[in-house]
Structures are given as structure tokens and as C-alpha cells.
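[1] Using only what follows, build the 3D model:
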Amino acid sequence: MGHQAEKLEELVASSTSKKSKKTRFIAITSGKGGVGKSTISSNLAYVLSKQGLNVGIFDADIGLANLDVMFNVKIKKNILHVLRGEATVSDILIPITRNLILIPGESGDEILKYSDAALFERFMEQAQVLDKLDVMIIDTGAGIGEHIQMFLNAADDVIVVTVPDPAAITDAYATIKTIATLRNDVGMIMNQVKSEKEANAVFDKIKKVADANIGSDLDLHLVGKINVDAKVSSSVKQRALFSVEYPNSRVSVDIESIAKVIASKLERDMLVTSSDSGLSGLFKRLMKHF
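    Sure thing, here's the model as predicted:
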């Protein structure tokens with residue numbers, strides 16, 4: 001397997017070409033399930049696309065892939081079928097809006113089992129259809145498994161979602177501690193809070209423990225918060241996005257604020273010339289950590 005990975009790394013290195021912009025990869029993760037990670041990922045992707053950005057959302061939540069439910073679409077094949085040679089990249093892409101694409105994924109370790117060089121080369125060529133993406137949201141699984149760490153390592157930004165529940169906070173901290181061994185910057189989104197005051201209080205508590213135990217080298221920062229609102233669960237039950245169903249709600253304002261923070265980072269990166277774009281760019285990065 002190691003020899004195959006080396007061959008693929010060479011292949012990846014040789015398949016670079018000049019791109020006019022760089023895709024920013026944002027991994028959204030959580031310490032435990034049920035904290036609203038996929039709901040946030042899908043609504044954030046939609047709001048960013050509404051702002052005129054070209055957005056891809058990659059479903060990397062193994063076993064619990066549910067972005068099809070969030071977007072109310074049917075998935076027939078995923079990225080694994082492409083790597084097996086059973087479909088093309090274009091076959092699996094699901095357009096959600098004019099500039100939002102859902103990429104049905106699989107776990108990193110499963111993906112890399114299909115490392116036939118000829119198939120992979122074809123995949124990298126086909127994946128260039130997504131090279132114009134401004135941002136790719138990677139909706140990872142919950143927890144700190146090895147395959148999840150691969151995506152966290154490959155991302156430009158990692159955002160941990162939690163809720164103000166003691167068990168969720170403990171799990172979020174454990175996740176941050178693991179991420180800190182891979183990188184020194186971690187963002188957080190506080191979900192289902194009663195107010196900004198509560199979001200800041202919970203974040204400050206986590207940051208205090210992180211500073212004491214992980215060290216001040218870690219840049220742990222609050223990206224934003226989302227208020228608790230029955231409209232969110234109502235939208236999920238309807239297989240709809242709350243930012244579409246309730247555009248003027250408090251929660252929609254919250255997700256738009258988070259999108260603005262992310263978009264401001266993107267603006268600083270827009271002029272970077274890079275071959276690290278789109279789906280092929282993500283796989284180039286994954287290979288480095290395999």
C-alpha cells in the first residue's frame with residue numbers, strides 16, 4: 001500500500017497546472033454527533049453560494065452521510081464509484097443552486113484503497129471540472145478517527161461545532177486537543193445557544209482550559225454562534241434549509257454572519273495562484289497525509 005501511495009503522490013505532483021485562484025478548504029467537524037454539524041455545513045454552503053461564490057460541499061461523514069437529506073436530493077453514486085471506474089466525476093456531482101455543487105463522498109481510507117494509478121489519473125483529469133471552486137466545505141464525521149484527521153490535516157480551516165451541553169463541551173475539547181497535534185489554529189461555532197452572552201461564556205470556558213493544558217500557541221477563536229430556534233429542527237424535518245425557508249429569522253442572520261467571516265478570509269486569498277484547486281486539489285492534499 002505504501003508503494004502505491006508513493007506512485008500516486010508522483011502522479012499527483014505531475015498533474016499540476018496553473019489556476020487563476022485557490023480553493024479554500026474548510027473542514028467542519030464536531031466531538032460528538034447530534035450537535036448540528038451537517039445542518040450548519042449545508043446552510044453555510046448555501047449562504048456562501050448566495051453571496052456569489054462558487055461553492056462545493058463534500059460529504060465526508062462516513063456511515064452517516066446525510067447531506068442528501070439536507071438538500072432533499074437523491075444520491076445514486078459517490079466518489080468511490082468514480083475511483084472504481086464505475087462513474088465519472090460529472091456523473092456524481094449534484095447541482096443544488098447555480099453555483100453550489102454537492103460532492104457525495106466516502107471516508108478517506110476507503111477512497112485510498114482504490115489507488116489504481118490509471119483510474120486515479122483519470123479521476124484527477126475529470127476532477128478539474130471543479131477547479132473553479134472558491135470554497136469547498138468538507139462535512140466530516142464526528143470524533144477524532146484517523147480518516148477524519150486526514151481531512152482536518154488537508155483543510156485550510158477547521159471549525160469545531162458544539163452545543164452548550166456538558167458532554168458535548170467535553171467531547172469538543174477532546175477534539176480540539178487532537179486537532180492541536182495537527183495544526184495550531186481552530187475555529188469554533190457555538191450552536192443552539194440562548195444568546196451571544198451564552199456563546200461567549202461557553203467558548204471562554206473551553207479556551208481557558210485549552211490555554212492551560214494545550215498552550216497559548218493554539219489560536220482557538222470563535223467564528224460565530226447560532227441561536228436555539230425551533231425553525232431549525234422544523235426545516236430539517238421538511239428536508240429544507242432554514243436559510244431558505246426562514247431567510248429573515250435570527251438563525252439565518254447568524255449563519256450569514258459566519259459566512260461573512262469566512263468570505264473575508266477568502267477575499268485575502270483570491271489573488272493566490274495555485275494548483276491546489278477544487279476536488280483534485282483536495283486529493284493532492286490528502287495524499288500528502290496518507
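[2] residue ranges for the helices of the stretch 1-150 of the chain, please.
    2-14, 37-50, 67-71, 79-83, 89-92, 108-113, 117-126, 146-154 (DSSP state H, counting those that start in this stretch).
[3] Could you export the shortest one as CSV, CA atoms only?
    These are the backbone C-alpha positions of helix 89-92, laid out as CSV (Å, rounded to 0.1, in the frame of the first residue of the first chain):
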residue,chain,number,x,y,z
VAL,A,89,-16.8,12.9,-11.6
SER,A,90,-19.5,14.7,-13.6
ASP,A,91,-21.9,11.7,-13.1
ILE,A,92,-21.8,12.1,-9.3
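[4] for it, packing partners?
    helix 79-83, helix 117-126 (3 or more Cβ pairs under 8 Å, 6 or more residues apart in numbering; DSSP states H and E). In short, each C-beta sits where N, CA and C put it, glycine included.
[5] moving C-terminal of whichever strand or helix holds residue 176, what's the next helix or strand?
    Element membership of residue 176 [criterion: DSSP states H and E] is helix 166-179. Using DSSP H and E, the helix or strand that follows helix 166-179 in sequence is strand 185-193.
[6] Sheet partners, orientation included, of that following strand?
    strand 157-162 (parallel), strand 219-227 (parallel) (DSSP bridges).
[7] wouldn't residue 176 be in contact with residue 207 here?
    No. Counting by Cβ atoms under 8 Å, residue 176 does not reach residue 207; the two are 9.5 Å apart.
[8] hang on, the earlier thing: make TSV from the strands paired with strand 185-193 and add mean pLDDT, distance to residue 57 and mean neighbour count to it.
    TSV is the format used below for those (pLDDT from 0 to 100; distance: least, Cβ to Cβ, whole Å; neighbours: other Cβ atoms under 10 Å):
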stretch	mean pLDDT	distance to residue 57	mean neighbour count
strand 157-162	96	14	25
strand 219-227	97	17	20
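[9] Switch the ones you listed over to TSV, and while doing so, append distance to residue 186 to every line.
    Output for those, formatted as TSV (distance: least, Cβ to Cβ, whole Å):
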stretch	distance to residue 186
strand 157-162	6
strand 219-227	5
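[10] who wins for proximity to residue 254 among those?
    Closest approach to residue 254 among the strands paired with strand 185-193 is made by strand 219-227 (4.5 Å; Cβ to Cβ).
[11] picking up where we left off before, intersection of neighbour lists for residue 176 and residue 207?
    With contacts defined as Cβ atoms under 8 Å, 6 or more residues apart in numbering, the residues shared by residue 176 and residue 207 are residue 220.
[12] pLDDT score for the residue positioned nearest the centre of the chain?
    Nearest residue to the geometric centre of the chain (Cα atoms, centre = their mean): residue 138, 2.1 Å. At residue 138, the model reports a pLDDT of 89.
[13] With residue 143 instead?
    75.
[14] With residue 45 as the reference, measure out to residue 234.
    20 Å (Cβ to Cβ, to the nearest Å).
[15] How about residue 279?
    Separation of residue 279 from residue 45 (Cβ to Cβ) stands at 15 Å.
[16] In terms of neighbours, single out the busier of these two.
    The neighbour count for residue 279 versus residue 45, taken as other Cβ atoms under 10 Å, is higher for residue 45 (32 against 27).
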